[in-house]
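Colleague: Okay, here's the prediction I keep looking at, along with the sequence it came from:
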Amino acid sequence: MRLTLLHDLPLADHYFHPAGASTPAESVAPRAHGLAPGARAGSRRARMRALLAVTTVSGLIGLDATVISVALPAIRNDLGGGSATIEWVASVYALTYAVALLPAGRLVDRVGAGRTFLAGTALYVTAALLGAAAVAPWMLILGRGLQGVGAGIVSPAGLVLVTRAFGAERRGYAIGVMGMLLGAFSAIGPLVGGTFTDTIGWRAIFVTHAVLAVIAAGLVTHTARREAGTGDVELRLRAVLLLAAVVLAVQICIIEGHRVGWPVLAGFGAVAVAAALALRRVERGRADKVVDFSLLRLPPVAASAISRSVVSFAFFGNLFYLTLFLQASAGYSAFETGLILLPSSVAGVLASPLVGRVVDRVGPTGVMAAGVAIVSAGLFALVLIDAGSSIAFHLAPALVLNGIGFATVSVSAKTAPLAAVPEELHGRVTSLVSFVSRVASGFGVTFATGVFHLLSDTGIERALDDERVSAKADTIGFVDRYLGADDLTSQLHRDDVRTAGFSTVQQAARTVDHAFAWTFAATMVVLGTIVAAGAVAIVVLLRRARPAGRH
């Protein structure tokens, strides 16, 4: 899971290493926010209010990455819309978060960290309430997307707000406290989501987030009103909108590709290509690119981007279908699913400091490749899981491997690119790798879904063979419609079951469960193979770079 959101902020190292900025955009931030060494910090009360406010909102953002995962079956049952609804709900947050991060740092410089924090929090609260009040799939998807935008605005603003309040002398203490609390928030996400879903309903997740965010904003309102930015920073909204068009058009193609005709698919593909070409033209020759992809030419930066992307890609695709599998095929409640997923987070939290020591001793590159390989092993271990598997002996080891592997990559891949570039480029390289990994998180659910749909026919046919039911078109369509749905026996109608070719409701439910379990296992094979290929690519890339010397 996302163990520490702090280092995913694209401006984190930019604000922490202000000296030596070479471009106008880079040199504005340290002056505007008073983060130079020796800057005066605020009063103790102001410091603690800022820390509590930012940690609360950032913690909610950390929860958002995982808390909704265990509620997806309940959301599908309440709102309908089929698998497309939960695919968009699970993925759109990460995508809009990634895109919003890019102009957020510039907005901080332009209007001030406090005002940006309040604006982002206001959008986040509005979006959360929209999600809570959703009566149709599109309302929840819109709410989740706007939540991502608000979260992307809040993240860098909150970081600057805290570092300014504590000053250079106590900045390390503040960041350490934030990192510890954010790790804990992210770890308990599935458990919190499961508890709410099973007791007062999934809508309570959004309401609680809105209430806590409002309280947090109130803690820094007075400070924010007194703060002003430089007002002379270009926001580059045109470039950001073009980049958003590329990302969302590709996402639509992947999610809706198997549902719409080729003309519609080709149309969105053309939008993605046209937006990409326009973005290239807008960015040509600029020193302050929205995302500087040229840094990927450096092997350590490319290796870091690959490692974090394939791991995020596979992790969120795996989390999406694993939660559905545990509730739909294995029959666990949302709360029980959260408990089952907890060891993965705990293992990651415990492993992070140990990984940090190893990185300090042997360097990040080898550790990074090892972490990717561990994640791959965890995914392959999930292939052996079926509806009757033991949690202790079959599922827990795979989840622990995934948690340790994700933490290993998270720590090492954030260190490698910073050692590869001069200090004045730390902001750019952090922005690039964070953006790529966040987009990969969103696409991971989408890609896993595409693979799942490609393999589902084979899984359905295998399940029908096991139940000795004829694989007719109506029968296959019936099973496909209910894949991933929980509490099947209460949803299936006897007449529909007989029309589809099954003798009993129990036989139909058993077939759906077996089809889902087989397709899930096959999807894990694909994801595990992709991650393993990423580990090989990292090793090859870094070995080729060695003769050229250290960057």
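Modeller: Perfect, thanks for sending it. Computed from a predicted model, the values in this text were never measured in an experiment. Numbering: from 1, shown residues only.
Colleague: Next SSE downstream of the worst-scoring helix or strand of the chain on mean pLDDT?
Modeller: Taking all helices and strands of the chain together, the one with the lowest average confidence (mean pLDDT, DSSP states H and E) is helix 24-33, at a mean of 35. Proceeding C-terminally, helix 24-33 gives way to helix 44-64 as the next helix or strand, assigned by DSSP states H and E.
Colleague: How is the protein partitioned into domains?
Modeller: According to automatic domain parsing, the chain comprises the domains 1-234, 237-287.
Colleague: L118 - how many residues pack around it?
Modeller: 23 (other CB atoms under 10 Å). The C-beta positions use only the backbone N, C-alpha and C, and glycine is treated the same way.
Colleague: Show me what the helix or strand harbouring it packs onto, helices and strands only.
Modeller: Secondary-structure element containing L118, defined by DSSP H and E: helix 113-132. Helix 113-132 makes packing contacts with helix 44-64, helix 82-111, helix 137-166, helix 203-225 when contacts are defined by 3 or more CB pairs under 8 Å, 6 or more residues apart in numbering; DSSP states H and E.
Colleague: Just put those helices in a markdown table and tack on distance to S470.
Modeller: Putting those into a markdown table (distance: least, CB to CB, whole Å) gives the following:
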| stretch | distance to S470 |
| --- | --- |
| helix 44-64 | 45 |
| helix 82-111 | 25 |
| helix 137-166 | 33 |
| helix 203-225 | 42 |
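Colleague: pLDDT value on M524, please?
Modeller: In the prediction, the pLDDT value recorded for M524 is 90.
Colleague: ok, for it, nearest residue in space, not its chain neighbours?
Modeller: The spatial neighbour of M524 that comes closest, neighbours along the chain excluded (CB to CB, 6 or more residues apart in numbering), is L382 at 4.5 Å.
Colleague: Give me the distance between the one you found and E87.
Modeller: When CB to CB, to the nearest Å is the yardstick, L382 and E87 sit 20 Å from each other.
Colleague: With L191 instead?
Modeller: For L191, the distance to E87 under the criterion CB to CB works out to 23 Å.
Colleague: Select from the domains of the chain the stretch with the lowest mean pLDDT.
Modeller: Ranked on mean pLDDT, the bottom entry among the domains of the chain is domain 1-234, at a mean of 71.
Colleague: and A381, how many residues sit next to it?
Modeller: Number of residues near A381 (other CB under 10 Å) recorded here: 19.
Colleague: Now do the buried residues in whichever helix or strand it is part of.
Modeller: For A381, the enclosing helix or strand under DSSP H and E is helix 364-381. By neighbour count, with 16 or more other CB atoms under 10 Å as the criterion, the buried positions of helix 364-381 are 364-365, 367-381.
Colleague: Low-confidence stretches in the stretch 351-500 of the chain?
Modeller: Scanning the stretch 351-500 of the chain for pLDDT under 70 picks out 386-390, 392-393, 423-424, 426-427, 486-489.
Colleague: in it, which spans are helices?
Modeller: Assigned helices in the stretch 351-500 of the chain, in chain order: 364-381, 396-420, 426-467, 473-482, 488-491, 494-500 (criterion: DSSP state H, counting those that start in this stretch).
Colleague: Compare those and give me the one nearest S91.
Modeller: For the helices of the stretch 351-500 of the chain, proximity to S91 was assessed by CB to CB; helix 426-467 is nearest, at 4.1 Å.
Colleague: So what's the gap between the closest one and the chain middle?
Modeller: When C-alpha coordinates are averaged (CA atoms, centre = their mean, to the nearest Å), helix 426-467 and its chain have centres 12 Å apart.
Colleague: Quick check: S470 vs S503, distance?
Modeller: Taking CB to CB as the criterion, S470 is separated from S503 by 12 Å.
Colleague: how about the nearest residue to I476, chain neighbours excluded?
Modeller: Nearest non-adjacent residue to I476, counting by CB to CB, 6+ apart: I460, 5.3 Å away.
Colleague: and the one you found, what does it touch?
Modeller: For I460, the contacting residues are A471, I476, V479, D480, T511, A515, T519, by CB atoms under 8 Å, 6 or more residues apart in numbering.
Colleague: which one of those residues is nearest D360?
Modeller: Of all those, the one sitting nearest D360 is T519; the distance, using CB to CB, is 42.7 Å.
Colleague: what's around the nearest residue to L425 once chain neighbours are set aside, how many residues?
Modeller: In space, not counting the residues next to it along the chain, L425 is nearest to L295; the distance is 7.3 Å by CB to CB, 6+ apart. Using other CB under 10 Å, the number of residues around L295 comes to 21.
Colleague: Hmm, L295 is touching V421, no?
Modeller: Yes - checked against CB atoms under 8 Å, the pair L295 and V421 is within contact range at 7.0 Å.
Colleague: Now for those two: what residues contact both?
Modeller: Between them, L295 and V421 share the neighbouring residues V301, R428, V429, with contact defined by CB under 8 Å, 6+ apart.
Colleague: Confirm for me that the first one is in contact with V436.
Modeller: Spelled out, that is V301. No - under the criterion of CB under 8 Å, V301 makes no contact with V436, lying 10.1 Å away.
Colleague: neighbour count winner among those two?
Modeller: Using other CB under 10 Å, the more surrounded residue of V301 and V436 is V301, with 24 against 20.
Colleague: Look up the closest residue to the more buried one, ignoring the ones flanking it.
Modeller: What sits nearest to V301 in space, not counting adjacent residues and going by CB to CB, 6+ apart, is P417, at 4.4 Å.
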